[in-house]
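Visitor: sequence and computational prediction follow.
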Amino acid sequence: MSTYDVDPSAIRRLASGRRAYGNLKDEAAGFIRDAIVSGALPPRSKVDQDEIADTLGISRAPVREALIELAQKGFVDAIPRRGAFVADVTVEDIEDHYEVVALVSGMTAKRAVKRLTPAEIAELRRLHQEIAATGDVARVRALDRRFFQLITNSGRSPRLDTILEFLGGALQGSFYFDAPGWAHNEAAYREQMLGAIETGDVLAAARISEEHVRSCAAVTIEHLRTRGYWGGPARDASRPAPGTAIGRGGPAPDASRPAPGTAIGR
């Protein structure tokens with residue numbers, strides 16, 4: 001099997017485990033996003049619209065809409081008259097992404113410490129304890145998100161919230177929760193952040209928030225290196241190899257990226 005041949009078993013595994021969405025475009029976008037993050041669609045491989053549509057049992061129209069959305073978020077490069085290709089992410093891309101998130105998160109944390117109510121602080125402690133008591137990974141991720149979202153919301157800055165929401169949907173930040181070490185990393189920084197909030201230490205909260213985000217970059221980069229994402233040998237045989245693609249075609253041609261929203265052909 002060549003690097004870009006189809007792996008039917010990978011397609012079936014992804015399709016059988018896909019999440020339920022409100023509409024077909026979101027379903028297709030979620031499926032393609034998961035395929036990219038898991039490595040089933042490796043960097044620079046072509047995303048075949050017909051194959052995705054057949055796999056999900058839907059028409060090409062929602063798949064095309066999904067690819068336009070994913071191009072806007074940096075998951076794929078849309079090449080006019082050639083189709084959509086999985087974006088190639090570098091170490092520097094990931095570091096830059098998380099550095100911006102870190103700076104904004106630090107600003108939000110400063111405001112949150114000053115504005116969190118006693119009831120909200122108690123809720124943070126409750127969430128942290130509930131996370132420690134559950135062994136369900138999906139539940140841990142959902143509660144962890146709620147924990148940090150409560151801190152962000154307490155900063156009461158719609159502009160900063162909008163920036164973080166936009167950055168949170170980018171490809172560079174999407175590999176973190178696929179890394180084996182994410183849960184341990186989150187637990188360590190939740191405890192530190194909670195301590196700073198409960199003591200009202202504004203500067204410590206900002207520092208911990210920034211360190212937390214930068215640690216996400218380190219975990220992500222190590223995970224992708226271990227997986228062989230950048231061409232080296234994969235060191236964890238339990239992960240799917242980058243060559244188990246669900247798309248067809250060779251590497252993306254060398255061409256500048258079109259503006260977001262460019263129409264995508266096959």
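Guide: Received the coordinates, thanks.

Visitor: nearest residue to residue 115 other than its sequence neighbours?
Guide: Leaving aside its chain neighbours, residue 115 sits nearest to residue 154 (5.3 Å; criterion: C-beta to C-beta, 6 or more residues apart in numbering). In this view, the C-beta of every residue, glycine as well, is placed from N, C-alpha and C.

Visitor: quick one: list the elements packing against the helix or strand in which residue 107 is found.
Guide: Per DSSP states H and E: residue 107 is located in helix 91-115. Packing partners of helix 91-115 (3 or more C-beta pairs under 8 Å, 6 or more residues apart in numbering; DSSP states H and E): helix 137-154, helix 158-168, helix 182-198, helix 202-227.

Visitor: tell me the angle of the next helix or strand along the chain from that helix relative to helix 137-154?
Guide: Scanning forward in sequence from helix 91-115 by DSSP H and E, the next helix or strand is helix 118-133. Helix 118-133 and helix 137-154 are oriented at 160 degrees to each other (axes from the mean of the first three to the mean of the last three C-alpha atoms, to 10 degrees).

Visitor: how far off centre is helix 118-133?
Guide: 25 Å (C-alpha atoms, centre = their mean, to the nearest Å).

Visitor: burial count for the nearest residue to residue 168 once chain neighbours are set aside?
Guide: Excluding the flanking residues, the one nearest residue 168 by C-beta to C-beta, 6+ apart is residue 101, at 7.9 Å. Residues within reach of residue 101, counting by other C-beta atoms under 10 Å, total 24.

Visitor: now do the buried residues in stretch 179-198.
Guide: For stretch 179-198, the neighbour count (16 or more other C-beta atoms under 10 Å) marks 179, 182, 185-186, 189-190, 192-194, 196-197 as buried.

Visitor: that one - what's its average pLDDT?
Guide: Per-residue pLDDT over stretch 179-198 has a mean of 95.

Visitor: residues in contact with it?
Guide: The contact list for stretch 179-198, computed with C-beta atoms under 8 Å, 6 or more residues apart in numbering, reads 109, 112-113, 116, 121, 124-125, 128, 131-132, 137, 140-141, 144, 147, 151, 176, 204-205, 208-209, 211-212, 215-216, 219-220, 222-223, 236.

Visitor: hmm, 7 Å instead?
Guide: Applying C-beta atoms under 7 Å, 6 or more residues apart in numbering, the external contacts of stretch 179-198 come out as 113, 116, 121, 124-125, 128, 140, 144, 147, 176, 204-205, 208-209, 212, 215, 219-220, 223.
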